Structure formats: C-alpha cells, structure tokens
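**Student:** I need the structure of the sequence given here:
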Amino acid sequence: MKKKLIYTLLTACTLATTMTSCKDFLEVSSPSVVDAAFVYKDLSTAEAAMAGLRDKWRECSGSYVYGAGAFYALDVPGSDIERHPESYSGQLQRHYPEGFYENGTKIATFCSTYSIDQADGKNTYTYLYATIMLANNAISAIEARSDYKTIIDSKTPSAWGFLYGQAVAARAQCYLDLTRYYGDVPYLTQGGQNVSGLTPRDVIYEGEIAKLKLVEPLMYRPGEIDSKGAAVGKGVFTRTFVQGLIGRMCLYAGGYATRRNDMKYVDAAGNSLSFDKIGADNNGSFYGRRQDYKQFFTTAKTYLDAAVANPGSAVIFHATDTRGTDALGRIYNNPYQLFFQQLGDNVGSTKNADESIYEIPMTRGVSNERPYSSGRVSDGGSTNQYPCKGYGQARIQPAYYYGWFDNNDMRRDVTVTVTGSNGKGVEKLIPFTPGSKASGGGLCLNKFDENRQASPYTASQRNSGINAPFMRISDIMLLDAEVNAVLDANSTVAYNLLKKVHERAFASAALANVDGFISAAGSLYKAIIKERALEFGGEGDRRNVLLRTGLIAEAVAQTRATNTAMVNALADNNKLAYTFANGNTISAYIWTATGDLKTAKGYRLTTQCPDETNPYLFPGWRGQFDSWETLGAAAISGNKTNVAIKGLFSQWTPAKVKITYADNTTATVSGMTFLTMMQKMKDGSAKSIVEQDSGLGMALTAWGSQIASNGPEFYQNFFPGFDGATAPIYFYPINSNTVNSSNGTITNGYGFVQQ
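**Tutor:** Have a look, this model is predicted:
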C-alpha cells in the first residue's frame, strides 16, 4: 500500500481539525478506527503508518511544545534564571501568563483584552490532541490483533512490540504536555472514543504510567539491533526514552501543582486524594502535592536507575572532550559543549549527539526554532544573511550569569553569551535595553548558534535544521539523583550521580568541589535541583522544575531581591556596580573594541578560552563563522569581526585614557579612577573614553547602566505580585470551541472565562 494512501486513511480527520475546530477533532470518527485496523494488519503498512505518527509528533513538538507555541511563550522565558527580551508593556499577551497573570489578578484583563483563543497555547492544545488521536488509532488496532497477548506476554522486544511502544510513548508524552499547560483535560485512550468531560490529571498520570510500564520491555534501546537487523536510532521513541518518560511523569504525578477546587480529585481506582498545600487558594484553585507522592518516586527510581545503568550502546555520557585541539590551534577541552556542537554538526545526516536519548528530527530548510528563538541572536534579515535573523526569546537573567556559576564552571560560556551577530559576519555586544535580535534584550542562550555549524544555512531564518534535544542522559541522571535524594536524604546513588554531572563541567575534581557545592546549596536535594539549573539553563526546564518541587516562591523571591539590589547599585552614582555573592562584579560600563582576530589567530569563532587575559578570547565560545565570505558575505574591511571585552566580571582600570568631552575637546589623563570615568560617561560630560594601555583602543561602553535605566523590567515586572502566599496560576485556558461544544462537560477553571 502506498504511503500516501496510508496517510489518507489515518490522518484525514487530524488534518481537518488543525484547520477547523477542536470540536471536529475531539469527536473522533469510527471509520478511522476501521482504517487503522486494516493498516495495522500488515507490518510494512503499520511501519509506514507509524512514520506518519512520528511526523505528526515532530510537527506538534517542533512547532508547539518544544519550539514555538506554549514552550516558546512560557517555558523558555518564564523562570528565575531566564527572562523575556522585550518590555513588559509591549508583550502583555505573553507576559501575563509567563508571570502567573500578576498573581492571578490579570486573568480577567487577559481574557477580555485578548480572548482565550488568542493565547499562545491554543494550537498547542489542538496539535497535541491531533497526535493523541493518531496514537490511539495505532494502539487500538494493535490491541485488536489476534497475537496481541503473545506480543505482551513475551516481555521482549519485537517488531510489533516496538511499534506498540512507540504509539504508547507518543500518547503519554502528549498527555504530560497537556497537563503541564492546561491542568485537567479530557482523557481519550481509544480510537473512536467520544469526549465525556474533564478527567482528573491523577487518573491520566496513573493510566499512562501503567501503559508505559507495560510496553517498556517490548522496546529496543538506542543502538540495539532491531528485528530487521538495523541499529535503532534516536529519532524514534525507545526503551530508554520510555524509562525516562516514566520517571518524568512520576515526578509530575508526585509533584506540586495548581489544581481546581471544582474538580473531584481521585486516583485511577476512584479513591479520593488528600493534598499537602502551599499558600492560600487563588481563583478557585489550590497549590499542593498528593500526600502519597512517594509511591511515584519509588516507581521513578526503578526505571531511572535502569536507564542510567543501561541507556543503550549509542548513548554516551562524555566526561572528557574527544575533540582536543584543531589545526588552527583552537582548544576545545569542554565535554559539555561537545553535545551542542554535535547537534549542529549532524544537520542533514542521520547521526545524533552522543548524549541524546531522543532528538526531535528537524529538516534543514523547514521551520526550526533553534537558534531563531532558542539560541544566539542576530540582527540579520530574514533571507540571505550571515547569519539570518535570530530573535532570541531565550534570554538570561544577569543574576544567573554573574551570580550562579562558579568562575571555573565551563558551562557558563556555553550557556550564556554577551555578544550576538550583526547579520553581516561581525560580532556585536548585546545591549540590555528591551528589544529583540542582537539590538536589545540582553544576555541570550548560546547553546545553539548558526555560526558554529560546519556550513550555516543562509537562505532564510528559522531553517537551520538543528534537531531538538528532547531527552539526554544528563537529564535522566539528575532526575534519578533527585528521586533517590527524596527517598533517602543521604543517598549514595544520588551523590554519585550529582558528582558525575557536576565534575564534568570543571577541569578537575578539585575545582568542581562537589562537597562545597552541596554545602552551599543547603542539602544534597537542593544541590541536585540547582545542578539542573546549571546544566539546562536557557532550555526551558527550570520553570517546570520549580513548580513541581514547590520551590517557585523561594526562587522568585531570591532573584527579585538580587535584581533589586543590582539595579539600585548600578543606578547609584557612588557605586555604578554590583558585586554578587560569588565575587563577580557587574559594572555600569565595560571596555570593548572590534578587531581582527582572524589575521592574528586564523579564525573568528572562538572555543574554550585558553587565556583569560586576551579580551578577544574571554569569555569563550563566541565570535563568528570563520568563512562567511565563502557563503556570499561581503569581505569585511580589515577582518574586524570580533569584539574584545574587558571588565566583564571584575573592574579593569587602565592607567591612561583619552577623553573626548561633550564640547569635542580631548585630553589624555592618567590615574583616573574607574568610578570617575563611569560617572563622566553617565552624566554626559564625556562623549567617549578610550584606554591607552592595551594598544587595542578599547572604549568605555554602556553595560549595566542599561539595566539601571530599565530597572522595572528586572524587578517590578519580574513575576509581579507573586510571593507564594497564594497558588500560582500558570496554565493556559482551553479554547472556546472545545468548551462551547462540550455541553458543559468541559469548562475552564483558574478564573478563565468559558468563551
């Protein structure tokens, strides 16, 4: 049977619903079940149909749950370490839900101004259910096979068992995303099933976890040889992914969450549940955790332990960098960065990064949010630029960049950059003024950068082809560490897993100082949660971790206090600088110059910094693609493509400077204090101050002063009104088509309107 016919049989209803309404799509028609039974009768047509399900999941996840959509608007910018680049007033439609709707008080305003159907999560909801429908057709068809019991009872991998497991995994992942973004939702588990209202999320969690446990032994691990004699790749759901997904889902099932007071919460057996609550009720909802939560952590431990013990031969946690030094003398020596470099290098191939368990496959030339929204920014236009436009939704809190990282932690420069691209092959400092691209918004995520690809895609924006790293081994290791620490506060397993992840970010175990890290965090458990923030910064992980652990109020309060102190110090004419607890100082002004690194070194794109006294190499992991000219960029005069920086983490005071005053007179001055220089720049008495010591002619450049000028964006508009005294409202509303067509069985809670 031709692939086109298979897609027609199984996706016609799905495709129609993405263009019409959720009502159309939730009323799954029975003919699709008949078609599915026919398609899943034969292995070859079943495999083609499964490819269609994978394509639907890729479309859904790449555009709505791990690219744009809800992920883009909520997960990436909405935490204590990540932020949104544009002004609060200019992006209220996104800032309200990102910041918990100003403690729930702006939900009415949000609904009346934008309507629930204008929320970024509308299409996320639709596409997740469209994927579930295809998965349900596959599940129902395979369960109807005469040999189904034989497949299940074998408890070993097989062709049919693997297909069945992939469908179950796709559905479970979709339901996990639905509950994260919408709370309690309709639960459909069979092809042709009609909607009967909202289902308590606990029933969904327990049902999907049970199903995942059923299929887990039927699946292959990455790198294992399947029934056709081929090695299993990382672009499909595998046994290791399912083990990790069980762990993830268990942590949500046993974690804190905001729940509706008008729902009766029961477990899968119908037993009423009791909760430990934090704070007071808010908008008809409470924030709490099931009192029997540890049962889920025990289950998670079993499967996460197994995933760590045997993730598959293709999954490799690199404690050392395999790249060494290149022909131009660039030193890599950073195993953490290796993962992201492999993602960029593997574009257009069937290869995957060594540490990946599952990557959402992306195709070059097709819509792709990395690095456009989740990566290094560029002022380039939409087409034929070097590189093309990078918007940069994934921005970073200065408090995280300056105050969280140990200065020896090699993840800092990989995670965060202070420079972007001008789109013409030249590096530029990113100002802290509100805005987008490289012309504003401040610090941005550095893990995805088209400059680092072997052959950057210049034809158009949002088309890089970089796969999405949906699950990797360090994630599973830290989840495993977390559940072991919850079950045993002094767990040796948890300690050793934390130690392994933490130490690989440092040049030596002594510099890593795991025991000191744990002591500073306050406990092994809190050290593990902080390690997640350092390991996955900018990737949209932190928001959900804080919500499910109940640490959100504490984290927001700490960052707000730090931001407030930082803004006040940077605005104080007698300070113009703020020093964080780790000793790093952010100053109102720093020293910068643009120069020719390629002539001196033979390259523009820098790696692990070998010499922190060289302002072109420190901080590391920046610069530009070495050969933009070969891809069509105009030759850059003097090769002045790189930015030199001094004074980024500690103040540097040159002995002699040349000052150009407001009246255009100049003077060369010796012995002036750095504070005096900054004051002259701030009050406008000096138009420019250029140092005369280094030979680079570095100019005093506005930096932290821009934070001071935009102070409310860093503290007043940072989760405004939220203090943890009441339940956080962090969900999106269900769209009006679904609500209105349900005859009252599906309603919006948390203060949202019904239409």
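**Student:** burial count for the nearest residue to Thr562 once chain neighbours are set aside?
**Tutor:** Spatial nearest neighbour of Thr562, excluding adjacent residues (C-beta to C-beta, 6 or more residues apart in numbering): Ala399 at 4.5 Å. Glycine gets a C-beta too; all of them are placed from N, C-alpha and C. Using other C-beta atoms under 10 Å, Ala399 is surrounded by 23 other residues.
**Student:** swap in the one 5 residues further on?
**Tutor:** Residue crowding around Trp404 was assessed by other C-beta under 10 Å; the count is 23.
**Student:** wait, isn't it in contact with Asp80?
**Tutor:** No: Trp404 is not in contact with Asp80 according to C-beta atoms under 8 Å; the separation is 9.8 Å.
**Student:** the residue nearest to Thr562 and Ala561, how far apart?
**Tutor:** To Ala561, Ala399 is 9 Å away according to C-beta to C-beta, to the nearest Å.
**Student:** what do you get for Val203?
**Tutor:** Per C-beta to C-beta, Val203 is found 40 Å from Ala561.
**Student:** equivalent analysis for Ser474, please.
**Tutor:** Distance from Ser474 to Ala561, by C-beta to C-beta: 30 Å.
**Student:** so between those two, which is more surrounded?
**Tutor:** Ser474 (21 against 12).
**Student:** run through who's touching the helix or strand where that one lies.
**Tutor:** In the assignment (DSSP states H and E), Ser474 maps to helix 473-487. Here helix 473-487 makes contact (C-beta atoms under 8 Å, 6 or more residues apart in numbering) with 240, 243-244, 247-248, 250-251, 294, 297-298, 300-301, 304-305, 307-308, 311, 315-317, 355-357, 491, 493-495, 497-498, 500-501, 524-525, 528-529, 531-532, 535-536, 541.
**Student:** quick one, which of those are buried?
**Tutor:** By neighbour count, with 16 or more other C-beta atoms under 10 Å, these hold 240, 243-244, 247-248, 250-251, 297, 300-301, 304-305, 307-308, 311, 315, 317, 355-357, 491, 493-495, 497-498, 500-501, 524-525, 528-529, 531-532, 535-536, 541 as buried.
**Student:** restricted to helices, list those.
**Tutor:** Among these, the members found in helices (DSSP state H) are 240, 243-244, 247-248, 250-251, 297, 300-301, 304-305, 307-308, 493-495, 497-498, 500-501, 524-525, 528-529, 531-532, 535.
**Student:** how about Glu216: what's its closest non-neighbour residue?
**Tutor:** Residue nearest to Glu216 in three dimensions, not counting chain neighbours: Val242, with 5.0 Å by C-beta to C-beta, 6+ apart.
**Student:** mind listing what the one you found touches?
**Tutor:** Counting by C-beta under 8 Å, 6+ apart, Val242 has contacts 165, 168-169, 212, 215-216, 219.
**Student:** let's see 6 Å
**Tutor:** Contacts for Val242 were tallied using C-beta atoms under 6 Å, 6 or more residues apart in numbering; they are 169, 212, 216.
**Student:** and Gly442, by the same measure?
**Tutor:** Neighbours of Gly442 in contact, by C-beta under 6 Å, 6+ apart: 395, 432.
**Student:** swap in 7 Å and give it another go.
**Tutor:** Contact analysis of Gly442 by C-beta atoms under 7 Å, 6 or more residues apart in numbering lists 85, 395, 430, 432.
**Student:** could you dump the residues you listed into TSV and include pLDDT?
**Tutor:** Formatted as TSV, the contacts of Gly442 follow (pLDDT from 0 to 100):
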residue	pLDDT
Pro85	97
Arg395	98
Ile430	98
Phe432	98
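**Student:** from the residues you listed, which land in strands?
**Tutor:** Arg395 (DSSP state E).
**Student:** next one, pLDDT for the most centrally placed residue in the chain please.
**Tutor:** When C-alpha atoms, centre = their mean is applied to the chain, the residue found nearest the centroid is Glu539 (2.1 Å). Model confidence at Glu539, expressed as pLDDT, equals 97.
**Student:** with adjacent residues omitted, what lies nearest to Phe340?
**Tutor:** Lys447 (4.6 Å).
**Student:** run a quick neighbour tally on Asp693.
**Tutor:** 12.
**Student:** could you do the one 4 residues further on as well?
**Tutor:** Counted with other C-beta under 10 Å, residues neighbouring Gly697 total 14.
**Student:** go on, the one 5 residues further on?
**Tutor:** Applying other C-beta under 10 Å, we find 20 residues neighbouring Ala702.
**Student:** so what does it have for phi and psi?
**Tutor:** phi -60, psi 140 (degrees, to the nearest 10).
**Student:** ok, now which ones touch the closest residue to it other than its chain neighbours?
**Tutor:** Distances taken as C-beta to C-beta, 6+ apart place Tyr589 nearest to Ala702, at 6.0 Å, with adjacent residues excluded. Contact partners of Tyr589, counting by C-beta under 7 Å, 6+ apart, are 678, 681, 700-703, 705.
**Student:** any idea how far Tyr589 lies from Thr701?
**Tutor:** Tyr589 is 6 Å from Thr701, by C-beta to C-beta.
**Student:** swap in Lys234?
**Tutor:** 43 Å.
**Student:** neighbour count: these two, which is higher?
**Tutor:** Counted by other C-beta under 10 Å, Lys234 and Thr701 do not tie: Lys234 has more neighbours, with 30 against 19.
**Student:** now do the helices in the stretch 251-400 of the chain.
**Tutor:** For the stretch 251-400 of the chain, the helices defined by DSSP state H, counting those that start in this stretch cover 294-309, 335-345, 398-403.
**Student:** go on, the stretch 1-150 of the chain?
**Tutor:** 3-19, 22-26, 30-39, 43-60, 69-70, 92-98, 100-103, 107-114, 122-143, 148-154.
**Student:** quick one: closest of the ones you listed to Leu631.
**Tutor:** Closest approach to Leu631 among the helices of the stretch 1-150 of the chain is made by helix 43-60 (27.7 Å; C-beta to C-beta).
**Student:** what packs against the closest one?
**Tutor:** Contact analysis of helix 43-60 by 3 or more C-beta pairs under 7 Å, 6 or more residues apart in numbering; DSSP states H and E lists helix 3-19, helix 30-39, helix 122-143, helix 159-182 as its packing neighbours.
**Student:** least confident of those helices, on average?
**Tutor:** Among the helices and strands packed on helix 43-60, helix 3-19 scores lowest, at a mean of 44.
**Student:** surely Tyr293 meets Gly254?
**Tutor:** Yes: contact criterion C-beta atoms under 7 Å: Tyr293 and Gly254 qualify, at 3.5 Å.
**Student:** so which of those two has more stuff around it?
**Tutor:** Gly254 (22 against 18).
**Student:** ok, that one - contacts?
**Tutor:** Gly254 neighbours (C-beta under 7 Å, 6+ apart): 289-290, 293-294, 296-297.
**Student:** pipe those into CSV and attach pLDDT per row.
**Tutor:** CSV is the format used below for these (pLDDT from 0 to 100):
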residue, pLDDT
Arg289, 98
Arg290, 98
Tyr293, 98
Lys294, 98
Phe296, 98
Phe297, 98
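**Student:** between these, which is nearest Thr726?
**Tutor:** For these, the minimum distance to Thr726 (C-beta to C-beta) is 16.3 Å, reached by Arg289.
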